[in-house]
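J.: take this sequence and fold it.
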Amino acid sequence: MKLETAAGHAAEVISSLPSGERVRVVSHNDADGLAAASITALALHRAGYGFHLTIKQTSSQLTQGMEKEENRVVIWCDLGSSNLEELTALPGTAILCDHHIMQGELTDGINLNVRSYGLDGSTEACGASAALALALALDEHNLDLAELAIAGAIGDKQDRDGFSGYNRSILERAVEAGHITLEERPAFNPATSLMDALEESIEPFFTGFAGDGALQFLKKLDIDSLKSFDDLSPQEQKKLLSALALHLVEQQADEIALMQTVPAGKRFGPLYDLASKLNACAREGNNGVGIALCLGSPGALEKAQELQQGYRAAIRHEMRALEKEQPQELSHLTYFYLKNGSLKGVCAGLSMTYLPAFDIHKPVIALTDDGDTIGVSGRGTPSLVEKGLDLAAGMQQAAAEVGGTGGGHPIAAGADIPAGRDKAFLQALNKVLSQQ
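T.: Okay, here's the model as predicted:
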C-alpha cells in the first residue's frame, strides 16, 4: 500500500464525521511539528471541521490527561511512534502522521508513519510531509500547504544534498503549481551588510568572525563591509565566495557550500527563514506564536522575528564559547555540556560540522542538567549512518540502562535520564555505539 492510499483511508474516517465536529490534534514541539500541526489544522478548517490543538514534547506519558476526553478522531503529528500502546488505548480512532522509528504496532487506528511505506523517515519525508499527504487526501487544493511541509522538512534537516523521496515529489508539484519558486542565493543573508551577515551566520558558522573578525576578513579582501552581498559586483561576489570557501576549508568544516537553491513560498517567502522562525518559536517555548504565524494571525510575524533573533543570538553565543573549548571524548563519541537545554541539538550538529576540535568521525552528544533530569541530544552525519551508526537505538538502550528514555532517528536522537546518571549513560552509549 502507498502512503497516499493509506492517507485516503484516513481522510474517509475524517469525512465520516458530522460537519463542524471538533477533531483532536496533538503535535511535536519543533519546527516540523508546528508545520505538521498547522497543515492539519488548516486542512480540517477548510473541510468544515473544528480542531483542538496541543503541542507536546515526546515522553513516556504522552497521552496523560487525555483518557477522559471524548474524541472520535485524534491525529498525532510528528510524534507518537514510541507510544503506540498508549495511542491505541485512548477512545476514538488514532491517525498517526509521523516519521520516527516505530516501537510496536498501531493496532487500532490508521498508520501514516512514512517508514511503513518504503520511505526513509530521516531523509525522504517528515511529520509535515505525512500531514500534507492527509491534507491532500482530504482535498487536492491543499497543495498550497506544501510551503509548510517543505519548511518542516528543512527544520528536520532533510534538505541536505537536496530534497529526495516524498519531499522532492511535494516540492516538484508545488513548483509546477506556482506555490513555490526556486531561487539561487548565498547561505548567509544577502540583504544586510556583509559585516553583520558573516558575523551572524550560523549555517555556515565561520570561526574567528566574532568581534571585528568579519570586518578584518573583508578588509583584507578590499571589500566594503557595509555593502550587502546583493550590492557587490559579480567579480566581488566571486572573490568573496572563494575566500569564504577557503576559510571553511581551513577551519576543517565538513560543509563548504555557500550558494543554495532556496525554495520560496508564494505566501511565506524563503522557506529556510520560515523553518528558522518555527524552530525559534518551539525552542523558546512559544509554540503558539509559531502556529499563529502559519495560520496567518496578524502580529505573529513580528513576534516570531523577535524570537528568531534572540534564538540565533543564543546559538552564536554558545558556538563562540565552544569554539574556544576542547570537547570531551570517549572512544566512539564526543560530548559537551550546555546550560541552555533548547540549544543541545543545534549546537551538537553545528559543532560537528564547523568546529575543528570536533572529530567528524564520531557522533556528538550534548547534555544539559535540567535539575531532576538531564536532557541529551545527539547528532551524526550521513556517512556515519552509512557505516552503521544508529543514534536512536543507542539512545534508547543506553537511557534504559540508567532509568531514562530515548529515541529518534539514526542520524539525530535524544534522551532524558535521571540526574547524576550522565557519566554512566555516556559509558553505556559509548559501548552500544562501539558495537554498531
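J.: that's a strand at Ile95, yeah?
T.: Yes: if the criterion is DSSP: H, G, I helix; E, B strand; the rest coil, then Ile95 is within a strand.
J.: tally up the residues packed near it, please.
T.: Residues lying near Ile95 (other Cβ atoms under 10 Å) number 30. In short, each C-beta sits where N, CA and C put it, glycine included.
J.: my guess is it meets Gly109, correct?
T.: Yes: judged on Cβ atoms under 8 Å, Ile95 makes contact with Gly109 at a distance of 6.3 Å.
J.: the strands in the stretch 251-400 of the chain, which residues?
T.: 259-265, 269-270, 328-330, 333-337, 364-369, 373-379 (DSSP state E, counting those that start in this stretch).
J.: report the buried residues of the third one.
T.: By that I understand strand 328-330. Using 16 or more other Cβ atoms under 10 Å as the test for burial, strand 328-330 gives Leu330.
J.: the closest residue to Ala412 other than its chain neighbours: neighbour count?
T.: Leaving aside its sequence neighbours, Ala412 sits nearest to Arg379 (Cβ to Cβ, 6 or more residues apart in numbering; 5.4 Å). Arg379 is flanked by 26 other residues according to other Cβ under 10 Å.
J.: let me see the contact set for Arg379.
T.: Contacts for Arg379 (Cβ atoms under 8 Å, 6 or more residues apart in numbering) come out as 345, 348-349, 352, 363-364, 391, 411-412.
J.: partners of it in the sheet?
T.: According to DSSP bridges, the partner residues bridging Arg379 are Val364, Ala412.
J.: would CSV of the strands of the stretch 251-400 of the chain with mean pLDDT and distance to Trp76 be doable?
T.: Listed next are the strands of the stretch 251-400 of the chain as CSV, based on pLDDT from 0 to 100; distance: least, Cβ to Cβ, whole Å:
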stretch, mean pLDDT, distance to Trp76
strand 259-265, 93, 26
strand 269-270, 94, 29
strand 328-330, 96, 36
strand 333-337, 97, 31
strand 364-369, 96, 26
strand 373-379, 96, 22
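J.: Gly152: which of those strands is closest?
T.: For the strands of the stretch 251-400 of the chain, the distance to Gly152 is smallest for strand 259-265, at 12.2 Å, taking Cβ to Cβ.
J.: tell me what the closest one is packed against?
T.: helix 146-155, strand 180-186, strand 269-270, helix 271-283 (3 or more Cβ pairs under 8 Å, 6 or more residues apart in numbering; DSSP states H and E).
J.: what residue spans form the domains of this protein?
T.: 3-179, 188-257, 326-434 (automatic domain parsing).
J.: go through those domains and pick out the most buried.
T.: Neighbour counts (mean count of other Cβ atoms under 10 Å) averaged over each of the domains of the chain peak at domain 3-179, with a mean of 21.
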